[in-house]
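S.K.: pasting a predicted model and its sequence here:
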Protein chains: 2
Amino acid sequence: MTSQDTALSGGKSARVRQYLVGLIEGGMEPHARMPTERDLAEQFGTTRLTVRRVLDQLGHEGRVYRTQGAGTFVSEPRIAKSVDLTSFSDDMRARGLKPGSLGTKIESISAGADFGARLQISPRDAVIHIARVRIADGVPMCLEHCYMPASLVPGLEVRELQGSLYETLWRDFGVRADKAEQSIRATVLDGDNARALSVPEFSPAFQVERIAYDARGRRIEYAVSIYRGDRYSYDMVIYRNAGN
Amino acid sequence: MTSQDTALSGGKSARVRQYLVGLIEGGMEPHARMPTERDLAEQFGTTRLTVRRVLDQLGHEGRVYRTQGAGTFVSEPRIAKSVDLTSFSDDMRARGLKPGSLGTKIESISAGADFGARLQISPRDAVIHIARVRIADGVPMCLEHCYMPASLVPGLEVRELQGSLYETLWRDFGVRADKAEQSIRATVLDGDNARALSVPEFSPAFQVERIAYDARGRRIEYAVSIYRGDRYSYDMVIYRNAGN
DNA sequence: CAGTGGTCTAGACCACGAG
DNA sequence: TCGTGGTCTAGACCACTGT
């Protein structure tokens, strides 16, 4: 849909990206200079434009920073990549933790006005509701409620949900989440939620609401998650845009 | 530094962007189709690449969405542009509120180990500390502590800080914030902070830490802000990236 | 000054959506 | 089938950094 997809497809950008990510993760020191755009273009038999799209994207993800006239440099690793659409599983693995779930429940309900509006389906359509406690290295991190049009995931079973929901959607149902709108709010945990996350009542937490879309713009998921505030932060790189 | 700057400079992208933002804000209905890339390129005497950079950027900002084969469409307005580097003042004005400050204090301190490291200056260098309660339509929204190398803002006075700090930096000191690394945490308000924001103790809040850079990569600001959780949310559009 | 990233041109072909 | 956005080519010139 935008240049992000570059690396998903089999284009040249993908190879350039893999190479550069390999460099970054494979031992380049922070603030070390990356190869120049022109060198990379020649090395991969492509043009600067292609290389630039990849480097700009890596810049957005906070993995490199670029300075006109000087070069492109490896960022310090502390900046996370929270402005990607990632599954909880991938997120935890990227942090070196082992993701898992507790007490996964699946039910089918009718959408009603609320979920109907959010998923843009009829209020009478069936919706699959998945509730899970997500854990990392055995520690509860997040309470997750996910709602999907039942027509998208016929016959979804609990046992398919060991790992990443998005992986399951893609592997078993050919549905791919490409984009999402996400809203993050600050909240405190009430008794039930606090117990489920093994933290004291009134602990700070994030409430994250998300609507995910596939490449055709169809809404495929509405999710509400509660993340422990003591274990989570959102780290991002932001740029100044035009004054509009 | 990246394509964002396009619209800051006087290039053709700027004109295209202004035109498109004008269309979006000037009455196009949500989900209405925007002009095609080829039409825009012809209209502005430029190429598709230039138009595409602008449209991709607007997509990232959540103002339009794009579907291959179908076109580019205006987003529903509810998605905010929180992944921009904006000042509190601009942010509030974009929401239709009148920004202001209460109890602004400026002091000069020596950086010490902490601010020295964060601003990458010597611990003995002077640092300007600005503390303010930011208000919108007279209502306290946010507590802001901002630290800048004193050498960047010689002679900065309280009276210059009526509006946006970033505007003051640019207008009076030629310093422009182009990029920032930002970390958002969930927290609860203790007594003093709760009183300053006129909310009950233990209310949920965001703690936002930010290091701002200019185009040359120099650190120009370290800021810690506490935002009321009941008045604030972070809304963003996120895309799925390569698997890496 | 040489070399880097930033912007832009003028095309091309492909993948996909809708009629 | 036609028009859309997605990817890519092979150049060009400019702005800026660092020596």
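M.R.: On my side now, so go ahead. Small disclaimer: the values here were computed from a predicted structure and weren't measured. Numbers count the residues shown, from 1 in each chain, chains lettered A, B, ... in the order given.
S.K.: okay, CA-based contacts and neighbour counts for the rest of this
M.R.: OK.
S.K.: wasn't A:V237 part of a strand?
M.R.: Yes. Assessed with DSSP: H, G, I helix; E, B strand; the rest coil, A:V237 lies in a strand.
S.K.: ok, it to B:E29 distance?
M.R.: Taking C-alpha to C-alpha, to the nearest Å as the measure, A:V237 falls 31 Å from B:E29.
S.K.: and for A:R171?
M.R.: Taking C-alpha to C-alpha, one finds A:R171 at 37 Å from B:E29.
S.K.: in chain A, which spans are helices?
M.R.: A:12-25, A:37-43, A:48-60, A:88-94, A:112-119, A:165-173, A:191-196 (DSSP state H).
S.K.: does the third one come close to DNA strand C?
M.R.: Yes. Contact between helix A:48-60 and DNA strand C, assessed by C-alpha under 7 Å from any atom of the strand, occurs at A:L49, A:R52, A:D56.
S.K.: the last one - how many residues pack around it?
M.R.: By that I understand A:D56. Per other C-alpha atoms under 10 Å in any protein chain shown, the neighbour tally for A:D56 reads 20.
S.K.: same question, the first one
M.R.: Burial measure for A:L49: 14 neighbouring residues, criterion other C-alpha under 10 Å.
S.K.: which ones are touching the residue nearest the centre of chain A?
M.R.: The residue lying closest to the centre of chain A (C-alpha atoms, centre = their mean) is A:T86, at 1.8 Å. Neighbouring residues of A:T86 by C-alpha atoms under 8 Å, 6 or more residues apart in numbering or on different chains: B:R240.
S.K.: shouldn't A:R33 be in contact with A:F73?
M.R.: Yes. Assessed by C-alpha atoms under 8 Å, A:R33 is found in contact with A:F73 at 4.4 Å.
S.K.: for the closest residue to A:K179 other than its chain neighbours, give its distance to DNA strand C.
M.R.: In this structure, A:K179 finds its nearest non-sequential neighbour in B:Y239, 4.4 Å apart by C-alpha to C-alpha, 6 or more residues apart in numbering or on different chains. Distance of B:Y239 to DNA strand C, given as C-alpha to the nearest atom of the strand, to the nearest Å: 17 Å.
S.K.: got a list of what B:Y239 touches?
M.R.: Contacts of B:Y239 (C-alpha under 8 Å, 6+ apart): A:Q4, A:V83, A:D84, A:L85, A:D178, A:K179, A:A180.
S.K.: save the residues you listed as TSV, and put in distance to B:A212 and pLDDT too.
M.R.: Below are the contacts of B:Y239 laid out as TSV (distance: C-alpha to C-alpha, whole Å; pLDDT from 0 to 100):
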residue	distance to B:A212	pLDDT
A:Q4	25	38
A:V83	18	76
A:D84	21	83
A:L85	24	89
A:D178	30	91
A:K179	27	92
A:A180	27	94
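S.K.: quick one: low-confidence ranges for chain A?
M.R.: Applying pLDDT under 70 to chain A flags the ranges A:1-9, A:79-81, A:242-244.
S.K.: gap between the residue of chain A most remote from its centre and A:D114?
M.R.: Taking C-alpha atoms, centre = their mean, the residue of chain A most remote from its mean C-alpha position is A:G69, at 33.0 Å. Look at A:G69 and A:D114: by C-alpha to C-alpha, they are 53 Å apart.
S.K.: what of A:G10?
M.R.: The gap separating A:G10 from A:D114 is 39 Å, by C-alpha to C-alpha.
S.K.: strands of chain A, start to end?
M.R.: A:64-67, A:71-74, A:99-110, A:126-136, A:139-149, A:179-188, A:204-213, A:219-228, A:234-239 (DSSP state E).
S.K.: could you identify which of the helices of chain A is most buried?
M.R.: A comparison of the helices of chain A by mean neighbour count, using mean count of other C-alpha atoms under 10 Å in any protein chain shown, puts helix A:48-60 on top with a mean of 20.
S.K.: quick one: that helix to chain centroid distance?
M.R.: Relative to its parent chain, helix A:48-60 has a centroid offset of 20 Å by C-alpha atoms, centre = their mean, to the nearest Å.
S.K.: check stretch A:94-103 too.
M.R.: With C-alpha atoms, centre = their mean, you get 14 Å for stretch A:94-103.
S.K.: distance of the one residue in chain A that gets nearest to DNA strand C from B:G217?
M.R.: DNA strand C sits closest to A:G69 of chain A, with a gap of 3.0 Å, by C-alpha to the nearest atom of the strand. In this structure, A:G69 and B:G217 are 12 Å apart, going by C-alpha to C-alpha.
S.K.: what does A:R195 give?
M.R.: Relative to B:G217, and taking C-alpha to C-alpha, A:R195 is found at 45 Å.
S.K.: so which of the strands of chain A is nearest B:D137?
M.R.: The closest of the strands of chain A to B:D137 is strand A:179-188. By C-alpha to C-alpha, the value is 21.5 Å.
S.K.: could you give the angle of the closest one to strand B:219-228?
M.R.: 60 degrees (axes from the mean of the first three to the mean of the last three C-alpha atoms, to 10 degrees).
S.K.: which parts of stretch A:150-159 are buried?
M.R.: A:A150, A:L152, A:V153, A:L156 (16 or more other C-alpha atoms under 10 Å in any protein chain shown).
S.K.: so which of those residues comes closest to chain B?
M.R.: Nearest to chain B among those: A:L152, at 19.4 Å, using C-alpha to the nearest C-alpha.
S.K.: state the distance from that closest one to A:I106.
M.R.: Taking C-alpha to C-alpha, one finds A:L152 at 15 Å from A:I106.
S.K.: so what's the residue count around A:S110?
M.R.: When neighbours are defined as other C-alpha under 10 Å, A:S110 has 17 of them.
S.K.: nice, that's everything, thank you.
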